[in-house]
Structures are given as C-alpha cells and as structure tokens.
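S.K.: Build me a model:
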Amino acid sequence: MSPVDRRGGRARAAWYLYDVADSAFVTTIVAAVLPAYFASEVCPPGPVTLALGPWSITSSATALWGYAAGLAAALIALAAPVLGALADATGRRKAFLAGFAAVGICASSLLSLSGPGTVLLTLGLLVAGEIGFAGAQVFYNSLLIGVSGSGDRDSVSAGGFAWGYLGGGLLLALNVLMITKPSLFGFEGASQASRACFLTVAAWWALFSIPLFVFVPEEKPGAGSGRSPWRALAATFRDILTRRDLGFFLLAFILYNDGVQTVIMMATVFGKAELGLSTADLVMALLVTQIVGFPGSLLYGRAARRFGAKNAILTGIAAYVGIVLWASRMQTATEFTILAALVGIFQGGLQAVSRSFFSRLVPEGREAEYFGFFSVSTRFASIFGPLLFAIVRDTTGSARSSILATGVLFLAGAAFLLPVGRRSGR
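M.R.: Numbers count the residues shown, from 1 in each chain. Here you go, the predicted model:
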C-alpha cells in the first residue's frame, strides 16, 4: 500500500473512529456521570473515612477523587516510555493498543457493580480504567503519522479530537436521557440508570475500536528497533536532552496540560460536592462541552495552520487562565454551563495542536517511543494538578482556592513555551 493510500480514505476514518470509541470513557466516566454518582451515591454525606489496613484516611469526596486521579496518572507515567519503546522494537503497536483498551473496557463495565459505600472499589476501577485509556493512547497517538502527512497533521490531529467530541457527546446525550428519564428504559431510578451508563461505555468503546485494527496501517520497526526497550528508553531520554525545542515543549506541555486535565477530572465532582448542583445540570453542561467541542476543534486546527501551532497553543492557554479565574467565583448552574461551553471551544483544539506540534519534533521510525514520552508528559500533567487540587482543598477547606492554584500551571506552561523555536526559526 502506498503512502498516499495509507494516509487517506478508510485508514484515516478508522483512526478517527477510535477517538469516537474511547472518548465515551472520558465524557461519561471521567468527566460526567461517574463523578456525580460517586459524590452523591457512593460516598456518604460529609467527611469520608477509609480504612486502609492499620491506617485510616478522612477526607472529602472531592479530594478522594483527586487522589485517585493522581495515582492513575503516576502509574501510567512510569510505564508509558517503556511501552512505547517496546512497541517500536516489536512493531506491534496495535496489539499493545488492544491490550490496554481491553483493560479500560473491562473496568468500565465493572463500574456497574458500584453502589453506596463501595468507595475503594469505585476508585480502584477508575484507576484501572484510566490506565487502560491512557496506555492505549500512547499507541493510538503514534499511529497519527501513518494516516497523515506533514502538511495536514494539524488538521488531522484536530479532526480526531473533533470526532471524539461528537462520539462522546452522542453517547453522553443517550446517558443524559437514561438518567433524566429512567422509566423510559425500564430503570427504577437515576442511580440504576447511572450504573447502566457504565455498561454503555464499555460496549461503545469496544464497537468503535474495531475499524482501527482492520484498516489503520502499522509501520515496520524503524532504525534501532533491535535494541531492548530499556536501552531505547535511555537513548530517547538522552536524545531529548540534546533537542532544545523538544525539551522546552515537553516541560511546557506538562504544566499547561496539567491544568487542562485537572479541569476535566475535577469539574463535575466540584459542582456536585461543593456547589450542590443536580446531576442533570452537571451532565447537561458537559454535553454542551461535547457539542461545542466538535466545531471548536476543527476550527482550532484550521487556525493553527493559518497562524501557527505555537500561537494557537498560547491563545488556548490564555483562554484557560480566564476560565479558571471565573470558575473560582461561580455559584450557579448557568455559570457552570457557560464555562463548560468555553472549555469546549478550547480544550480539544489545544490538545490536538499540541499533539501535532510534538509530532514534527519526533525522529522518523521512533514514533511510539517518543509518543511514550509524550504520554508521560500527559500523565505527569494528570498527576500534579488533581493532587494539588486535593491537597489545597484538604489544607484550606476551600475548593475555590484549589481552582486558583490550578491557574498557576497555565501561566508556568506559557513561560516555558515562549522560547520554543526562537533559535531554530521553527
């Protein structure tokens, strides 16, 4: 199959469809239904005390959610570079993607067993699902180069996020209907409907993953693929240290994407536990994010082609600083919905352009290896933000202070991004 054939038609559409598949996990389980269900049904009202062997922890639903998110991110951050190097060495990227996707799908389905008091079970399955989702993303991202050319990589990457918004939004719309009108589906109430939503995520993820494994090409192992994964990992790290732009970009990405991931992970549980918003209001607001995110991601990709990827990223960072400042003062469901729409405009586009910008810095034939490091950046960006949010919440007793602390991450990310490309002229 020629490069032109590989980069068009069915292969690209199949690559997009995987974003449709796994975005259901982000929308329903990470961002919308599960955090609201966790705060209202799984955790008892007020402080939560967990017995962990001889120790016990007393915290809030908001902080516990943040700690679990940080743990999942730390585990995948440690594993991702080795996984990427191993995939490059063996040339079996789709096999690794399938394995991690299976973990996420199984965890999603098992969440249907959660209920009042199952705090550790629910958080454990959340961690497992996050590992499955993020591990699969290492190999999914590395397949971008096989379905795009250097001239259209921004738009193709943004297209993946856009279709992900559409797919995740469609399932979330069904889940909203299930929760708000449970009798239409034969459920006794919203709680039972919420558990059924987790099963729909598993089915959706499995179904829309199939085209990728059939139609997306898998590149042959590149130069140096005979090395052990550990040697390849060490070589990658040494190489990154010699690439000024790559190093600065990864530092910047860790920081500003830390803020993005914190908004995704903490928004709904904050709205439920801290503001007392209804589950219906929260899920509807996040459905707005998905609806706005589809055209927003596509337009963001076009803007990056016209004005430059770096300028597009800096614009998104500035927008998030404004979002965080407003979020620290919001009180009502209407304000939450407006902020959700603003997030939809910038969230997918910022991540998509970051992914395509990084792909231009990657040596040919070592895509999965370097995207393993990129995933490390993404996962480290998911460690510190939720943990910072949780620690500030437990220390100060104010979730609004936690929101303001998140804004520092965006400002620091912009500071590291500004020097990128100045000397090289990129």
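S.K.: The nearest residue to T262 once chain neighbours are set aside sits in which helix or strand?
M.R.: Closest residue in space to T262, ignoring its immediate chain neighbours: G385 at 3.2 Å, by C-beta to C-beta, 6 or more residues apart in numbering. Backbone N, C-alpha and C define where each C-beta goes, glycine included. Using DSSP states H and E, G385 maps to helix 367-396.
S.K.: next helix or strand past that helix?
M.R.: Toward the C-terminal end, the helix or strand that comes next after helix 367-396 (DSSP H and E) is helix 399-417.
S.K.: what sits up against that next one?
M.R.: Counting by C-beta atoms under 8 Å, 6 or more residues apart in numbering, the neighbours of helix 399-417 from elsewhere in the structure are 62, 248-249, 251-259, 262-263, 266, 270, 273-274, 310, 313-314, 317-318, 320-321, 324-325, 327-329, 384-385, 388-390, 392-393, 396.
S.K.: Is the residue nearest to T262 in contact with Y256, as I believe?
M.R.: No - under the criterion of C-beta atoms under 8 Å, G385 is not in contact with Y256, lying 10.2 Å apart.
S.K.: Leaving out chain neighbours, which residue sits closest to F215?
M.R.: Leaving aside its sequence neighbours, F215 sits nearest to A14 (C-beta to C-beta, 6+ apart; 4.0 Å).
S.K.: I figured that neighbour hits F208, correct?
M.R.: No - shown here, A14 and F208 do not form a contact pair, counting by C-beta under 8 Å, at 9.6 Å.
S.K.: Going by neighbour count, which residues in stretch 160-180 are buried?
M.R.: 160-176, 178-179 (16 or more other C-beta atoms under 10 Å).
S.K.: chain center to it, what's the gap?
M.R.: Relative to its parent chain, stretch 160-180 has a centroid offset of 15 Å by C-alpha atoms, centre = their mean, to the nearest Å.
S.K.: Show me the shaky parts of the stretch 251-400 of the chain.
M.R.: Within the stretch 251-400 of the chain, the segments meeting pLDDT under 70 span 365-369, 371-373, 375-382.
S.K.: do that again at 90, thanks
M.R.: Along the stretch 251-400 of the chain, the parts satisfying pLDDT under 90 run over 251, 253-255, 257-310, 326-336, 339-400.
S.K.: got any ranges where the stretch 1-150 of the chain has weak pLDDT?
M.R.: 1-11, 27, 30-32, 35-36, 39-40, 43-93, 96, 117, 134-135, 137-150.
S.K.: Show me where it has its helices.
M.R.: In the stretch 1-150 of the chain, helices defined by DSSP state H, counting those that start in this stretch lie at 3-6, 9-24, 33-37, 61-90, 93-110, 119-142, listed in chain order.
S.K.: Which of the ones you listed has the highest mean neighbour count?
M.R.: Per-residue neighbour counts averaged over each of these give the maximum for helix 33-37, namely a mean of 28 (mean count of other C-beta atoms under 10 Å).
S.K.: who touches T122 in this structure?
M.R.: Counting by C-beta under 8 Å, 6+ apart, T122 touches L34, F38, V42, L111, S114.
S.K.: related to what we said a few turns ago, keep only those of the contacts of helix 399-417 that are in helices.
M.R.: 62, 248-249, 251-259, 262-263, 266, 270, 273, 310, 313-314, 317-318, 320-321, 324-325, 327, 384-385, 388-390, 392-393, 396 (DSSP state H).
S.K.: for R243, phi and psi?
M.R.: The phi/psi pair for R243 (degrees, to the nearest 10) reads phi -110, psi 100.
S.K.: Might one say that it is in contact with R360?
M.R.: No - taking C-beta under 8 Å as the definition, R243 is not a contact partner of R360, at 11.7 Å.
S.K.: Overlap of the contact sets of these two?
M.R.: Once C-beta under 8 Å, 6+ apart is applied, it turns out that R243 and R360 contact no residue in common.
S.K.: picking up where we left off before, can you say which of the contacts of helix 399-417 are buried?
M.R.: Burial by neighbour count, judged by 16+ other C-beta under 10 Å, picks out 62, 248-249, 251-259, 262-263, 266, 270, 273-274, 310, 313-314, 317, 320-321, 324, 327-328, 384-385, 388-390, 392-393 from these.
S.K.: Look up how far L111 lies from the residue lying farthest from the centre of the chain.
M.R.: Seen from the C-alpha centroid of the chain, the residue lying at the greatest distance (C-alpha atoms, centre = their mean) is P54, 34.3 Å away. As judged by C-beta to C-beta, to the nearest Å, P54 and L111 stand 29 Å apart.
S.K.: Next: L299.
M.R.: As judged by C-beta to C-beta, L299 and L111 stand 34 Å apart.
S.K.: Which one of those two is surrounded by more residues?
M.R.: A side-by-side neighbour count of L299 and L111, using other C-beta atoms under 10 Å, places L111 first with 28 against 14.
S.K.: pretty sure the more buried one contacts F198?
M.R.: Yes - contact between L111 and F198 holds when scored by C-beta under 8 Å: they sit 4.0 Å apart.
S.K.: Next, show the common contact partners of those two.
M.R.: Shared contacts of L111 and F198, counting by C-beta under 8 Å, 6+ apart, come down to I29, L34.
S.K.: right, and V138 touches L86 too?
M.R.: No - under the contact definition of C-beta under 8 Å, V138 does not touch L86, with a separation of 10.3 Å.
S.K.: okay, and the common contacts of those two?
M.R.: Common neighbours of V138 and L86 (C-beta under 8 Å, 6+ apart) are F96.
S.K.: pLDDT score for S424?
M.R.: S424 carries a pLDDT value of 41.
S.K.: That should have said G222, apologies.
M.R.: At G222 the predicted local confidence, pLDDT, stands at 54.
S.K.: residue contacts, the closest residue to S278 other than its chain neighbours?
M.R.: Counting by C-beta to C-beta, 6+ apart, the nearest residue to S278 once its immediate chain neighbours are dropped is A333, at 7.5 Å. With contact taken as C-beta under 8 Å, 6+ apart, A333 is in contact with L277, S278, D281, A285.
S.K.: which two in the residues you listed are spaced the farthest apart?
M.R.: Pairwise distances among those were taken by C-beta to C-beta; the largest, 10.5 Å, belongs to S278 and A285.
S.K.: Could you check which of the two has the larger neighbour count?
M.R.: Set S278 next to A285 and count neighbours by other C-beta under 10 Å: A285 wins out with 25 against 15.
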